[in-house]
Structures are given as structure tokens and as C-alpha cells.
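Trainee: Take this sequence and fold it.
(chains A, B, C and D)
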2 protein chains.
Amino acid sequence: MAKRRGHDAAETDRRMRAAALRLFARHGYAAVSMRRIAAEVGVQAGALYTHTPDKQTLLFSLMAEHLRELLAAVAALPPAQTPDARLDQFVDFHIRFHRARPDAVFIAYMELRNLSPGNFRVIEGLRRDYEAWPEAILRDGRAEGVFVVPDPKIAAIGLIAMLNGINTWYRDSGRLSLGDVVEIHRRMARGIVGAGAAPA
Amino acid sequence: MAKRRGHDAAETDRRMRAAALRLFARHGYAAVSMRRIAAEVGVQAGALYTHTPDKQTLLFSLMAEHLRELLAAVAALPPAQTPDARLDQFVDFHIRFHRARPDAVFIAYMELRNLSPGNFRVIEGLRRDYEAWPEAILRDGRAEGVFVVPDPKIAAIGLIAMLNGINTWYRDSGRLSLGDVVEIHRRMARGIVGAGAAPA
DNA sequence: GCTTGATCTGAACGCGCGTTCAGGAAATTC
DNA sequence: GAATTTCCTGAACGCGCGTTCAGATCAAGC
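Mentor: Next up, the predicted model:
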């Protein structure tokens, strides 16, 4: 537990990933060089290769980490009973989880085309695993007769697309609080699944 | 009207823009070189600079052209009377217009960060002009008492986000026809605005 | 058929890219 | 306190980048 003076693998690793996340989100994978990431970390470019085999793997691991955290978090939600309650819970969870990680979300959606084919398949699989959660809620709600959803898969994807849009415009300093935004989208989500809006 | 043999400005111009549109959409602005665009056109890289002052302006003009076409098209829609009919019409229009131009749509949403600040402001303005169309429909519907929309601006943005998601998964060879997709999203759009779903 | 003007070629400019690697420095192990 | 291990530096590799420009080519105008 001696004090380290700059040669701490775990710390450099953390810094590298944080810098890459921010820079990839801000400027795009192709536009960010390893030298620039290294400069943010405070090392020379070559030192990064102690912590990642190459730039492509760095991108992939950032995306995979984000999606695995997302899946773990959604799986850890406390059980809710009715489809309505589960939908409300999902909307709240999705908005808040994604709002807390704008850079990772941005990368996970925008940099798919910069993944190698094999890495792309892995990420796509994780994304589909996540989409299965709202889809199951919609399917169950339809089976119980409380939702009217012609196509649960498309409705789930559409719901996620709508919720993801929030990250492009929401600002903490804006007109609406995050709680307002959640409430508005809960209502719209209930509308999408034909659950009938709550009384005004 | 003599037959040209390779030195036709208009033709080269058209080819350059078509190649840039496709390559930017496929690989991203930063990852596509002027040499690669030139190779698709069948000229040397230097020749492109007869047709665009630089790469940045080429990207901007592709985005601006797309958005101006979009605005012209939405303005040319035949008038519809009720808010319900206008919403149905908008959903149908948006889906079909965007489906017909996947590359331009992709670029207009993904390459915003590669625009210079001045160009960015122009494109953002055009996008807001478009968002004003569905927002007006929602606002009018609420004024007439047929829509229940707490926040028309957010609902309009959410609606567009949901509809834009289609382009990421829809394939002509898929399970659903484009007509099916339109119908499903018309229903979900009516749900978002609290218009009550049509009978199953 | 010569001149003009538009269009393209081909080479060049300086620069930054991802990645590698020999060697040095510091912490850890014995 | 010597040996080992871990992490980093600094230089280098070949390559492709956006852009420029002098000169070639060719259709159009007179």
C-alpha cells in the first residue's frame, strides 16, 4: 500500500478509459488519436498499449462495459407487480440511467459502425438483450389484457428510441426537471401501449 | 448538347455528392478521405476542389440540401382538416420520406459534431423548423380538445425520435411491409398524444 | 483553326496517424 | 541491496491525410 508516484496501472487504466469515453463521445472515434488520449492521461502514446491491445479494443470494451452495466442494473430492479407499474418503473429507470452516462450512451449508439464485425455482433447481442426487457413488459401487459399493442417488439424499440431522444436535448438548467421529464414520458409510454393516460 | 467525354462539371458534381453521401453514411465523415471519394467518382483528389471549396463544406451542403428538401416536402403536403388526420398524415409522410433517403438521414443526425460552429447553427435551425410542424399539429389538437399533451414540444421531439428509430431496423425484406410499419406507428403516435387508439 | 476558359492530372507540401520497441526508472520481492 | 517485475519514455516505422498548383487536355466561341 505504498504511495505510488505515477506508475500505477489501475489508475492509468481508469484515466485512459475516462479520457477515451469523453473524447470519443465529443469528437468521434475516428477523429480522436491515441496521442490525444495519452495527453489527457498525462503519458506518452506508447504507454497506452500497456492497458489496451489497440484502439479498436478500447472502443469495444467501453461499449461492452456500458451495456453490461445497463443489463445488470435493469436486472436488479425491485420487482413490480402490474404491467402498468412495471412500465412506469422501466421508463423511470431508463431515463435516469442514461441521463447519468451521456457519453457512454452516445458512443454505444454512434460508434457501432467503427466496430469490427465480430465486436459488432457482441454489442448488438447485448443491445437486443436489453430490448427484451421492455418487450416482455409489453407482452405480459397485452396477455393480461391491459395493454393494446399490435407489435410488442416494435413498440419496445420505438419506446426506447423515444426515451433515448431525451439525451439530445435535456439540460439540468432547462425548463423542466428530470422528474418532469420522467412524468411526461411515463404518460407518453402509457399512450404508446394503449394503456390509457392517467387522469390529468 | 454535344456528348461530353468526362469533363462535365454537372455530372462530376452529382457523382461527387452521391459518393460522399454514401461513404459518409457508411463509414463516417472523419473516416472517409477525399481520395476515396475521388476514386468513386473516377477522378483524382485534386479535381474535387473544382466542385467544393473543402471537405467541411461538402458535408454541410449535403446536410443542408437534405433538410431543405424535407422542409419543402412537408410544406407541400395537401391540407388535412382534423388534428387526427394531420397527425396520421405527418406520420406517414415522415416515415416514407426518411425511408427513401437513409444515407442523408443518417448523416444529418450523426455528423452534427463534425460541423463547424457556424454551419452547425444553420443545420440546427433547419431541424427546429421541421420540428415545428408536428409541434403545431399537437398544439392545435390540444387547443381543439382532441389531444391530451402536457408538453407539445417534448411530445413532438419524442414522436420524431420514435419515427427515426425505424430507419435503424426496417428492411424491405423483413416481416412487415412499410405500410404495416406506418399503421403501427400511426397508432402509437395517437397514443402519445392521448388521442385514444382506433378500435382493434 | 486559333483562342479562351473550364476541367482534370500528377506531384508535392507538411503533418499526424496507429503501432512497435529498446532502454530507463521505480517499486516489489527475496 | 541485488534481482526482478512493472510501467513508462522517446524515437521511429510506413502510411494516408486535406489541400495546393503548375501544366496538360479538350470542348466551345469566334
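Trainee: only C-alpha atoms for contact and neighbour calcs from this point on.
Mentor: OK.
Trainee: What residues of whichever strand or helix holds residue A:183 count as buried?
Mentor: Using DSSP states H and E, residue A:183 sits within helix A:178-192. Using 16 or more other C-alpha atoms under 10 Å in any protein chain shown as the test for burial, helix A:178-192 gives A:178, A:181-192.
Trainee: what's the nearest residue to residue A:113 if we skip its chain neighbours?
Mentor: residue B:27 (6.7 Å; C-alpha to C-alpha, 6 or more residues apart in numbering or on different chains).
Trainee: so what pLDDT did the one you found get?
Mentor: Here the pLDDT value assigned to residue B:27 is 96.
Trainee: which residues touch residue A:55?
Mentor: The contact partners of residue A:55, by C-alpha atoms under 8 Å, 6 or more residues apart in numbering or on different chains, come to residue A:34.
Trainee: From residue A:147, how far off is it?
Mentor: Relative to residue A:147, residue A:55 is positioned 45 Å away (C-alpha to C-alpha, to the nearest Å).
Trainee: now swap in residue A:181 and tell me
Mentor: Counting by C-alpha to C-alpha, the gap from residue A:181 to residue A:147 is 22 Å.
Trainee: measure residue A:76 to DNA strand C for me?
Mentor: 36 Å (C-alpha to the nearest atom of the strand, to the nearest Å).
Trainee: neighbours of that residue, just the number please.
Mentor: 9 (other C-alpha atoms under 10 Å in any protein chain shown).
Trainee: And residue A:165, by the same measure?
Mentor: With other C-alpha under 10 Å as criterion, residue A:165 counts 20.
Trainee: Let me know the helix or strand that it is in.
Mentor: helix A:152-169.
Trainee: Quick one: distance of that helix to the chain centre.
Mentor: 12 Å (C-alpha atoms, centre = their mean, to the nearest Å).
Trainee: which helices and strands does that helix pack with?
Mentor: When contacts are defined as 3 or more C-alpha pairs under 8 Å, 6 or more residues apart in numbering or on different chains; DSSP states H and E, helix A:152-169 packs onto helix A:83-99, helix A:117-143, helix A:178-192, helix B:152-169.
Trainee: Tell me if I'm right that residue A:58 and residue A:49 touch.
Mentor: No. Assessed by C-alpha atoms under 8 Å, residue A:58 is found out of contact with residue A:49, at 10.1 Å.
Trainee: what does chain A have sitting close to chain B?
Mentor: Counting by C-alpha under 8 Å from any C-alpha of the partner chain, the positions of chain A adjacent to chain B are A:26-27, A:30-31, A:110, A:113-114, A:150-151, A:155, A:157-166, A:184, A:187-194, A:196-197.
Trainee: got any ranges where chain A has weak pLDDT?
Mentor: Filtered on pLDDT under 70, chain A yields the residue ranges A:1-7, A:196-200.
Trainee: where does the spatially most central residue of chain A fall, phi/psi-wise?
Mentor: In chain A, the residue lying closest to the centroid (C-alpha atoms, centre = their mean) is residue A:105, at 4.0 Å. Per-residue torsions, residue A:105: phi -60, psi -50 (degrees, to the nearest 10).
Trainee: Contacts only, for it.
Mentor: Counting by C-alpha under 8 Å, 6+ apart, residue A:105 has contacts A:66, A:98.
Trainee: again, only this time at 7 Å
Mentor: For residue A:105, the contact set (C-alpha atoms under 7 Å, 6 or more residues apart in numbering or on different chains) comprises residue A:98.
Trainee: Also residue A:19?
Mentor: A:37, A:40-41.
Trainee: Compute the distance between it and DNA strand D, please.
Mentor: From residue A:19 to DNA strand D the distance is 14 Å (C-alpha to the nearest atom of the strand).
Trainee: That residue sits in which helix or strand?
Mentor: If you go by DSSP H and E, residue A:19 is part of helix A:9-27.
Trainee: and after that helix, which helix or strand comes next?
Mentor: helix A:34-41.
Trainee: Do that next one and DNA strand C come into contact?
Mentor: Yes. Against DNA strand C, helix A:34-41 shows contacts by C-alpha under 7 Å from any atom of the strand at A:34-36.
Trainee: Got a quick PyMOL command for the buried subset of those residues?
Mentor: Buried subset of the residues of helix A:34-41 next to DNA strand C, written as a PyMOL selection, criterion 16+ other C-alpha under 10 Å:
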select buried, chain A and resi 34+36
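Trainee: Name the nearest of the residues of helix A:34-41 next to DNA strand C relative to DNA strand D.
Mentor: residue A:35 (9.1 Å; C-alpha to the nearest atom of the strand).
Trainee: What separation is there between the nearest residue to that closest one once chain neighbours are set aside and DNA strand D?
Mentor: Spatially, and ignoring its direct neighbours in sequence, residue A:35 is nearest to residue A:45 (4.8 Å; C-alpha to C-alpha, 6+ apart). Note on residue A:45: its distance to DNA strand D, by C-alpha to the nearest atom of the strand, is 7 Å.
Trainee: Next: residue A:190.
Mentor: Taking C-alpha to the nearest atom of the strand, one finds residue A:190 at 46 Å from DNA strand D.
Trainee: picking up where we left off before, how much does the helix holding residue A:19 deviate in direction from helix A:34-41?
Mentor: In terms of direction (axes from the mean of the first three to the mean of the last three C-alpha atoms, to 10 degrees), helix A:9-27 departs from helix A:34-41 by 120 degrees.
Trainee: Same list (the residues of helix A:34-41 next to DNA strand C) but as JSON lines, adding distance to DNA strand D.
Mentor: Formatted as JSON lines, these follow (distance: C-alpha to the nearest atom of the strand, whole Å):
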{"residue": "A:34", "distance to DNA strand D": "10"}
{"residue": "A:35", "distance to DNA strand D": "9"}
{"residue": "A:36", "distance to DNA strand D": "12"}
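Trainee: Relative to residue B:18, which of the residues of helix A:34-41 next to DNA strand C is nearest.
Mentor: When those are compared for distance to residue B:18 (C-alpha to C-alpha), residue A:34 comes out closest, at 31.9 Å.
Trainee: tell me the contacts of the closest one?
Mentor: residue A:45 are the contacts of residue A:34 under C-alpha under 7 Å, 6+ apart.
Trainee: same question, the one 3 residues further on
Mentor: For residue A:37, the set of contacting residues under the criterion of C-alpha under 7 Å, 6+ apart consists of A:16, A:19-20.
Trainee: In contact with the closest residue in space to residue A:135 that isn't next to it in sequence, which residues?
Mentor: In this structure, residue A:135 finds its nearest non-sequential neighbour in residue A:156, 5.1 Å apart by C-alpha to C-alpha, 6+ apart. By C-alpha under 7 Å, 6+ apart, the residues touching residue A:156 are A:131, A:134-135.
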